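*Asks:* compute the structure for the input listed below.
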Amino acid sequence: MVHIIGGRFGTKSGIDDASISQHELGAAIEADKPVFIFVEKGVHTEHVFYRANKNHKDVNFPMVDDVRIHQFLDEVAALPRNNPTQAFESSQDITSFLREQWAGLFQRYLSNLGRQREVDAVQSLQQTAKAFDELVALMREMHKDKDAAISDLVLSNHPIFERLRTVLNVRSRVFFTTHEEMVTWLDEMEYEALDQSKWDSPDEEEFGRAHRNKAGVATRLTLLKVWAGLFEAGGGLRPMNRAEWQDSAISVTEFDDPETEPEPQRIIRLRSEAGKARASPPKPNAGPQLFK
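*Replies:* Now for the predicted structure:
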């Protein structure tokens with residue numbers, strides 16, 4: 001039996017508070033049938049946080065629409081056997097894992113005795129694999145360019161978040177779902193959206209942050225470039241797994257000074273600006289603009 005646990009609780013069974021799929025899994029385990037349990041990666045990761053905070057009623061778990069999903073995962077983990085779980089990001093992850101497992105079963109059967117009963121079992125597994133491949137193909141056809149059934153879940157593990165944390169040296173969690181939310185987050189990080197006329201390429205949106213000394217003078221500039229293809233036409237973040245990701249989609253360049261000029265002139269100008277700043281300190285929240 002292949003059992004998939006995602007962020008949606010599903011339909012109640014009508015017998016108790018458990019869902020229909022939860023009852024199906026319980027029946028398979030009681031019948032001692034082979035069970036493969038897959039948990040969406042975002043839910044699987046959040047479950048660690050749930051275990052540490054499940055007694056706090058004011059804590060929210062955004063990856064699931066019902067906390068009973070996490071409670072059910074605890075019940076599965078407590079089973080004495082037949083309860084291994086595997087995290088997944090896409091339907092391809094599930095297919096690859098099952099192929100490996102069934103290939104192992106096939107080898108094990110052949111290495112024992114070539115009894116017809118074991119051969120029949122392997123053939124049954126192969127037929128199941130074929131049926132699952134057809135199911136995956138049907139899902140892809142239904143959802144065309146993306147697997148809409150799990151795209152929202154994959155989004156929570158988008159590689160852009162880890163890349164931004166690395167290149168901007170951010171320790172806190174990074175998360176957004178739209179271009180507008182990203183711009184707001186960058187603004188909070190003091191990165192100013194640059195005028196499009198200043199971009200090096202129309203395909204790379206640019207943001208700049210001026211690092212100022214105590215006198216309020218910009219002495220260093222960080223230039224962040226974000227590939228426009230990371231967002232869909234409507235502004236939503238395009239779902240992407242690590243195999244599709246390229247670090248060049250997010251790049252950072254450091255400049256000693258926003259202005260491009262010979263070293264002697266730059267030193268004279270910086271000294272002049274520093275003197276003016278000491279004579280007339282800038283008002284709070286009214287510092288000089290990043291670009292004139």
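*Asks:* can we go C-alpha only for contacts and neighbour counts from here?
*Replies:* Noted.
*Asks:* how about the helices in this protein?
*Replies:* 20-30, 41-53, 68-77, 91-111, 116-143, 148-155, 159-167, 179-188, 263-279 (DSSP state H).
*Asks:* please report how far the residue nearest the centre of the chain lies from K41.
*Replies:* The chain has N157 as the residue nearest its centroid, 1.2 Å off, counting by CA atoms, centre = their mean. To K41, N157 is 8 Å away according to CA to CA, to the nearest Å.
*Asks:* same check, this time on I20
*Replies:* Counting by CA to CA, the gap from I20 to K41 is 22 Å.
*Asks:* neighbour count winner among the two?
*Replies:* K41 (22 against 17; other CA atoms under 10 Å).
*Asks:* for the more buried one, give me the pLDDT.
*Replies:* pLDDT for K41: 86.
*Asks:* dump the residue contacts of N241.
*Replies:* E89, V154, N157, H158, P159 (CA atoms under 8 Å, 6 or more residues apart in numbering).
*Asks:* ok, now I37?
*Replies:* I37 neighbours (CA under 8 Å, 6+ apart): V2, H3, I4, I5, N83, P84, T85, Q86.
*Asks:* who does it bridge with?
*Replies:* H3, T85 (DSSP bridges).
*Asks:* quick one: pLDDT of it?
*Replies:* I37 is given a pLDDT of 83.
*Asks:* repeat for A148
*Replies:* Reported pLDDT for A148: 51.
*Asks:* just E204 next, same as before
*Replies:* Confidence score, pLDDT, at E204: 94.
*Asks:* tally up the residues packed near it, please.
*Replies:* 18.
*Asks:* what's the answer for A129, then?
*Replies:* 16.
*Asks:* next: D195.
*Replies:* Count around D195 with other CA under 10 Å applied: 11.
*Asks:* same deal with the one 5 residues further on?
*Replies:* Here the neighbour count serves as a burial measure; for D200 (other CA under 10 Å) it reads 11.
*Asks:* same thing with E100?
*Replies:* 11.
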